[in-house]
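Student: Give the three-dimensional model of this entry:
(chains A and B)
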Protein chains: 2
Amino acid sequence: MDAGGAAGMAVADTGATGVGDGSGAWLAAAGPAARAATRVLARSGVDQRDAALRAAAAALREKAAAVLEANALDLAASTARAAFRDRLTLNEARLESMAGGLEQIAALPDPLNRELAAWTRPNGLRLRRVSTPVGVIGMIYESRPNVGADAAGLCLKSGNAVLLRGGSDSLHSARAIHAAMREGLRAAGLPEAAVQMAPDADRVHVAAMLAANGTVDLIIPRGGRSLVERVQREARVPVLAHAEGLCHTFVHRAANPEMARRIVCNAKMRRVGICGSTETLLVDAPVAATLLPSIVADLRALGCDFRADERARAILPELPAATAADFDTEWLDAVLSVAVVDGTEAALAHIARHGSAHTDCIVTEDADAAATFMGGLDSAVVMWNASTQFCDGGEFGFGAEIGISTGRMHARGPVGLEQLCCFRYEVRGDGQVRL
Amino acid sequence: MDAGGAAGMAVADTGATGVGDGSGAWLAAAGPAARAATRVLARSGVDQRDAALRAAAAALREKAAAVLEANALDLAASTARAAFRDRLTLNEARLESMAGGLEQIAALPDPLNRELAAWTRPNGLRLRRVSTPVGVIGMIYESRPNVGADAAGLCLKSGNAVLLRGGSDSLHSARAIHAAMREGLRAAGLPEAAVQMAPDADRVHVAAMLAANGTVDLIIPRGGRSLVERVQREARVPVLAHAEGLCHTFVHRAANPEMARRIVCNAKMRRVGICGSTETLLVDAPVAATLLPSIVADLRALGCDFRADERARAILPELPAATAADFDTEWLDAVLSVAVVDGTEAALAHIARHGSAHTDCIVTEDADAAATFMGGLDSAVVMWNASTQFCDGGEFGFGAEIGISTGRMHARGPVGLEQLCCFRYEVRGDGQVRL
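Tutor: The predicted structure is shown next:
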């Protein structure tokens, strides 16, 4: 999830400050309308869904002035600090990027009706497993208004209806964006109920969506940790969420030193606030004395701070000592925990104890060590000689992502169009009955 | 799920009557032990897992006397009605079937480490998506003691650790079966913590498992509807469950009459208590007058009763009139709802309104009608010219199933070894860093 540090970012709104009539009546009407829309979407051709995406992009461009005006209202009402205001702010370039994103999704292959498997049984029954939409997806997000457009675009392409509930800070912006999405659906002859938005930011809508087993098939929260934790705690509906990204890079004794320096620098410092950034560096003991000083010097030159274990401090005594909690901390900042370990198994043991099973990397020229490391990890993404910051739907070639899942069911890692699908079985017979 | 009508069966125990110390301390120790076991299982070879399954089968046969003695204790304590006692009862044949089931699972291909996809990015990064275990699975079941052996076998083969919590009625039997599973693990050098069982039937263990986000990765309830509903209501952990199977067979105007009679008879009456049995017959208007009388006669000869709409009663006035609720009823009994509809779209509309998106079938010789029907349904399994009773992991060729999922995430339909897996990404580079 490379959108400026959504995971773990400070949260100004989890719905507590919303306004509205408090009735929660919205979902009671929106849910069945969304379900009805899924039946149309599931039977629609990809050309029609793509036309809706392109028309929505055009509408966003046409309505740019109105969207920016709405955004100005949100900004005027906001009392948030600078970083938060930046997330909330739209401008011409960001609007163009949003519209271009919808067009990019339109250009991706259809994720629906793919044959995932096909086989014939001894009794002649022919079976196929075919990709289908999930159904109705509830998207709960916070201040970043572009999330509504991205999520609606991905859901629409994958044949899912989406119920959007944005934060109170971005309500005017989100409404203006939603109007463009609706216009796209209308232009393509698809039901507007395919993309619906809560009428206000009352938290009653969040509670209703979380409880809507049978109405909402999947909740995707996108925002800070307190939002995600609330959703995971309260949801009666399946959740695809991003919890924690405590990523490790292990520099093995057989690492190419220059490559190790380059990868660690990028993995830590390219963007410190994203979930795929490396939080802990593990250095294999035999190369620690030679490699650690240059890696630390590189990082320090980029403004990185350190929390080092005793063995690392034996080499570089000036490094601040790590506390017990530091190796369990997802910094999302220019801070790196550093430990010296004795070989691959020790690195695996450290990661098993402290990691979050998100993304972990080994740097080595030794294929056996790489195989041991990758085979011994339980992480959604295991890497060999590459920056952990590559954990991203775009970088994986998915075209776009709705987020990164740290769960273990349905999808792990970047969630793109394919992961927004489920499947069904088609069984073709010639009159077979069961014995 | 073809195990004698687990779905919707009357439930004698959902944990409320269990005994135990009430401390719930079991999971606090069992959870981390299970997690540690997953790390061994994930790195184990399939030969080792298969050896454990075969050794467990051997132990079940060796310990047959002890298991039957334990079962006699359960039966002596039980005050349940006959159908329930039958589910609880073990005998030589059922033990042999349990042991043979473990051997069949051992003979299946390894579901782990399958390459699900592989591609290379323009920057040279090579990506693979590979199947992995889910992790720790919590299995909550009721009186049928074989469920413990089947579930443990499937979880073990797929590299998952399992926490079993059986019902109070079958506690002695379940313990004796668990002892054989442990013996199998020991014999193969795998950690016994891979298959653990709650020490008693105190419902505190159920509550603890349902709340154990981060400790338990997936809950599978297997039993009556009140158990499943409680689990879905209370779980903070992903759930794979079977809710309802309101299956339809639609006899289209272009159906082969003999095939229609054969399929409807089997779909309704082969076993009335399983989730894939047809509950509602839809007959296309142009053939209703000619086909319905013979189908009804066939079914009546097998002891079936009917609830018919007005159009069906216009043809066969002696059929009892259906109430509004009948078409929403999963009978799980020798009762069939019958309606006459005007063509495929009307059948789809009826199913959209009343169905449970489980398994639905069209009988027709018209390929276009079949395509329209199958493409217009939202069901986990859509069939053409075959009995809905084929909705079963064994019949699908999965070798064995742990249940049938009516959810829309991760897996739909029969859940076999493949559906007990998730995946991860392996990324191989040559030192790439992200721009």
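Student: From here on, just use CA atoms for contacts and neighbour counts.
Tutor: OK.
Student: residue of chain A with the smallest distance to chain B?
Tutor: residue A:410 (3.7 Å; Cα to the nearest Cα).
Student: pLDDT score assigned to that residue?
Tutor: Per-residue pLDDT puts residue A:410 at 93.
Student: Tell me who's in contact with it.
Tutor: For residue A:410, the contacting residues are A:419, B:409, B:410, B:411, B:422, by Cα atoms under 8 Å, 6 or more residues apart in numbering or on different chains.
Student: CSV for these, including secondary structure?
Tutor: Formatted as CSV, those follow (DSSP: H, G, I helix; E, B strand; the rest coil):
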residue, secondary structure
A:419, helix
B:409, coil
B:410, coil
B:411, coil
B:422, strand
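Student: top of these by neighbour count?
Tutor: Top of these by neighbour number is residue B:409, holding 25 neighbours under the definition other Cα atoms under 10 Å in any protein chain shown.
Student: Let me know the distance separating that residue from chain A.
Tutor: Here residue B:409 is placed at a distance of 6 Å from chain A (Cα to the nearest Cα, to the nearest Å).
Student: roughly how far apart are that residue and residue B:143?
Tutor: Distance from residue B:409 to residue B:143, counting by Cα to Cα, to the nearest Å: 28 Å.
Student: do residue A:349 as well
Tutor: From residue A:349 to residue B:143 the distance is 40 Å (Cα to Cα).
Student: Please identify which of the two sits among more neighbours.
Tutor: residue B:143 (27 against 14).
Student: same question for the top helix by length along chain A, mean pLDDT?
Tutor: In chain A, with assignment by DSSP state H, the single longest helix is helix A:25-43. For helix A:25-43, mean pLDDT is 95.
Student: where does chain A have low pLDDT?
Tutor: For chain A, the stretches with pLDDT under 70 are A:1-24.
Student: at 80 instead, please
Tutor: Per-residue confidence for chain A (pLDDT under 80) gives these ranges: A:1-24, A:82-83, A:143.
Student: mind giving me the domain ranges of it?
Tutor: According to automatic domain parsing, chain A comprises the domains A:25-243, A:247-393.
Student: Include distance to residue B:228 when you put those into JSON lines, please.
Tutor: Conversion of those to JSON lines gives the following (distance: least, Cα to Cα, whole Å):
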{"stretch": "domain A:25-243", "distance to residue B:228": "13"}
{"stretch": "domain A:247-393", "distance to residue B:228": "29"}
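Student: interface residues of the stretch 51-200 of chain A facing chain B?
Tutor: Proximity of the stretch 51-200 of chain A to chain B (Cα under 8 Å from any Cα of the partner chain) is limited to residues A:121, A:125, A:127, A:134, A:135.
Student: Next, count neighbours for the last one.
Tutor: The burial count assigned to residue A:135 is 30, neighbours taken as other Cα under 10 Å.
Student: Spatially, and excluding backbone neighbours, which residue is closest to it.
Tutor: residue A:160 (5.0 Å; Cα to Cα, 6 or more residues apart in numbering or on different chains).
Student: Torsion angles phi and psi at the one you found?
Tutor: phi -90, psi 140 (degrees, to the nearest 10).
Student: Pretty sure it sits against residue A:194.
Tutor: Yes. Using Cα atoms under 8 Å, residue A:160 is in contact with residue A:194, at 7.4 Å.
Student: which residues are common contacts for those two?
Tutor: Shared contacts of residue A:160 and residue A:194, defined by Cα under 8 Å, 6+ apart, comprise A:38, A:41.
Student: After whichever strand or helix holds residue A:261, heading C-terminal, what element do we hit next?
Tutor: Counting by DSSP states H and E, the element that carries residue A:261 is helix A:257-269. Remark: after helix A:257-269, the chain's next helix or strand is strand A:278-284, criterion DSSP H and E.
Student: Just name whatever secondary elements that following strand is in contact with.
Tutor: In terms of contacts (3 or more Cα pairs under 8 Å, 6 or more residues apart in numbering or on different chains; DSSP states H and E), strand A:278-284 is packed against strand A:247-251, helix A:257-269, strand A:335-341, helix A:343-354.
Student: Go again with 10 Å.
Tutor: Strand A:278-284 sits against strand A:247-251, helix A:257-269, helix A:285-301, strand A:305-308, strand A:335-341, helix A:343-354, strand A:359-363, with contacts defined as 3 or more Cα pairs under 10 Å, 6 or more residues apart in numbering or on different chains; DSSP states H and E.
Student: now these as CSV including distance to chain B?
Tutor: CSV is the format used below for these (distance: least, Cα to the nearest Cα, whole Å):
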stretch, distance to chain B
strand A:247-251, 12
helix A:257-269, 6
helix A:285-301, 15
strand A:305-308, 21
strand A:335-341, 18
helix A:343-354, 9
strand A:359-363, 8
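Student: Next, format the ones you listed as CSV and append distance to residue B:355.
Tutor: Below are the helices and strands packed on strand A:278-284 laid out as CSV (distance: least, Cα to Cα, whole Å):
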stretch, distance to residue B:355
strand A:247-251, 45
helix A:257-269, 50
helix A:285-301, 60
strand A:305-308, 58
strand A:335-341, 55
helix A:343-354, 45
strand A:359-363, 42
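Student: you'd agree residue A:377 is in a strand?
Tutor: No. Secondary structure assignment (three-state DSSP) places residue A:377 in coil, not in a strand.
Student: Find the residue closest to it in space, skipping its chain neighbours.
Tutor: The shortest distance from residue A:377 to any residue other than its chain neighbours is 6.7 Å, reached at residue A:348 (Cα to Cα, 6+ apart).
Student: Could I get the contacting residues of the one you found?
Tutor: By Cα atoms under 10 Å, 6 or more residues apart in numbering or on different chains, the residues touching residue A:348 are A:250, A:341, A:354, A:355, A:360, A:372, A:373, A:374, A:375, A:376, A:377, A:378.
Student: still on that earlier bit, what separates the longest helix of chain A from the chain centre, distance-wise?
Tutor: Averaging C-alpha positions (Cα atoms, centre = their mean, to the nearest Å) puts helix A:25-43 25 Å from its chain's average.
Student: Which parts of the stretch 101-250 of chain A are strands?
Tutor: For the stretch 101-250 of chain A, the strands defined by DSSP state E, counting those that start in this stretch cover A:115-120, A:126-133, A:136-141, A:161-165, A:195-197, A:218-222, A:247-251.
Student: Now distance to residue A:63 and mean neighbour count too, for the ones you listed, in JSON lines please.
Tutor: Converted to JSON lines, these look like this (distance: least, Cα to Cα, whole Å; neighbours: other Cα atoms under 10 Å in any protein chain shown):
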{"stretch": "strand A:115-120", "distance to residue A:63": "39", "mean neighbour count": "13"}
{"stretch": "strand A:126-133", "distance to residue A:63": "30", "mean neighbour count": "22"}
{"stretch": "strand A:136-141", "distance to residue A:63": "23", "mean neighbour count": "26"}
{"stretch": "strand A:161-165", "distance to residue A:63": "20", "mean neighbour count": "30"}
{"stretch": "strand A:195-197", "distance to residue A:63": "18", "mean neighbour count": "25"}
{"stretch": "strand A:218-222", "distance to residue A:63": "26", "mean neighbour count": "25"}
{"stretch": "strand A:247-251", "distance to residue A:63": "41", "mean neighbour count": "31"}
